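Trainee: how does the following fold in three dimensions:
(one chain, ligands or ions: 2)
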Amino acid sequence: MKENASNENDRKKMLLMGLDKGGKSSIVLCLKGIRNIASFNLLNPTIRINRENFRSYGSELNIWDFGGQEQFRNDYIINFNKYVLGTDKIIFVIDIQDTERYSLALNYLMEIVKKIQEQKINLDFSIFCHKYDPDIEMTNKNFDESKVDTFIEEIKHKMPTNFQYEILKTSIYTVFQKTNIH
Ligand SMILES: Nc1nc2c(ncn2[C@@H]2O[C@H](COP(=O)(O)OP(=O)(O)OP(=O)(O)O)[C@@H](O)[C@H]2O)c(=O)[nH]1
Ligand SMILES: [Mg+2]
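Mentor: Numbers count the residues shown, from 1 in each chain. Ligands and ions are numbered 1, 2, ... in the order given. Prediction:
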């Protein structure tokens, strides 16, 4: 985490950004500890920014979930400096199953990175290659791993060399759980 993180009570401010339907609000539910898949079906598209505070994995989080629809995105870029104030971490979420919007997602990512660099903002930055579901080839017949790999290489190529970030493959779908009852 960045050294000058000075939020109240050590609360971490985290922004979730990315195109609409990418899975950001679903990730928030996961961070909140929701394990019932049915709850995910109840999610509606996020209108502008949804802010929530909760405790997750030992940290107090102040999550800003940025609705990704086109009509909202321009404002985020124009007013980025205002939104990013006090931010410890940004997660940029890309739906890797949405191959048609790879370049749109990449352009949006680059706009955000440019803003961070212009303002010399110090924060953790992660890129989630999301919807990388277990056994994905069974649920998505069009899935082509080499396409994803090529895209990830393109991201790495476009990211400024002096910009620190991590790229992760993520999914909300995990395997069946069991709990002892006696
Ligand atoms: N296959 C798969 N689907 C997912 C995953 N995560 C989320 N989804 C689905 O993706 C759709 C969009 O999820 P949301 O979390 O609402 O997406 P969002 O990024 O918040 O969208 P906006 O609020 O419009 O910006 C929903 O139908 C989710 O169930 C995942 O890991 N794998
Ligand atoms: Mg949402």
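
Trainee: how close does the residue positioned nearest the centre of the chain get to Gln177?
Mentor: The centroid of the chain falls nearest to Val93 when counting by Cα atoms, centre = their mean (3.3 Å). Distance, Val93 to Gln177, by Cβ to Cβ, to the nearest Å: 24 Å. In short, each C-beta sits where N, CA and C put it, glycine included.

Trainee: just the pLDDT for Asp98.
Mentor: Predicted confidence (pLDDT) for Asp98: 97.

Trainee: and if you look at Ile181?
Mentor: pLDDT, read off for Ile181, is 87.

Trainee: that one - how many residues pack around it?
Mentor: Ile181 has 4 neighbours, counted by other Cβ atoms under 10 Å.

Trainee: looking at this, it is in a strand?
Mentor: No. Going by DSSP: H, G, I helix; E, B strand; the rest coil, the assignment for Ile181 is coil, not a strand.

Trainee: got phi/psi on it?
Mentor: Main-chain dihedrals, Ile181, degrees, to the nearest 10: phi -110, psi -10.

Trainee: dihedrals phi and psi, Glu153?
Mentor: Dihedral angles (degrees, to the nearest 10) for Glu153: phi -60, psi -40.

Trainee: now check the least confident helix or strand in the chain by mean pLDDT, is it near ligand 2?
Mentor: Here the helix or strand of the chain ranked lowest by mean pLDDT, DSSP states H and E is helix 37-41, holding a mean of 88. No. Against ligand 2, helix 37-41 shows no contacts by Cβ under 5 Å from the ion, the least distance being 11.1 Å.

Trainee: what element comes up after that helix heading to the C-terminus?
Mentor: Where DSSP states H and E defines the elements, the next helix or strand beyond helix 37-41 is strand 49-56.

Trainee: and that following strand, what does it pack onto?
Mentor: In terms of contacts (3 or more Cβ pairs under 8 Å, 6 or more residues apart in numbering; DSSP states H and E), strand 49-56 is packed against helix 24-31, strand 59-66.

Trainee: give me the angle between the first one and strand 59-66.
Mentor: Angle of helix 24-31 versus strand 59-66, following axes from the mean of the first three to the mean of the last three Cα atoms, to 10 degrees, is 170 degrees.

Trainee: export the helices and strands packed on strand 49-56 to a markdown table and append columns for distance to Glu166, mean pLDDT and mean neighbour count.
Mentor: Formatted as a markdown table, those follow (distance: least, Cβ to Cβ, whole Å; pLDDT from 0 to 100; neighbours: other Cβ atoms under 10 Å):
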| stretch | distance to Glu166 | mean pLDDT | mean neighbour count |
| --- | --- | --- | --- |
| helix 24-31 | 15 | 95 | 21 |
| strand 59-66 | 17 | 96 | 19 |
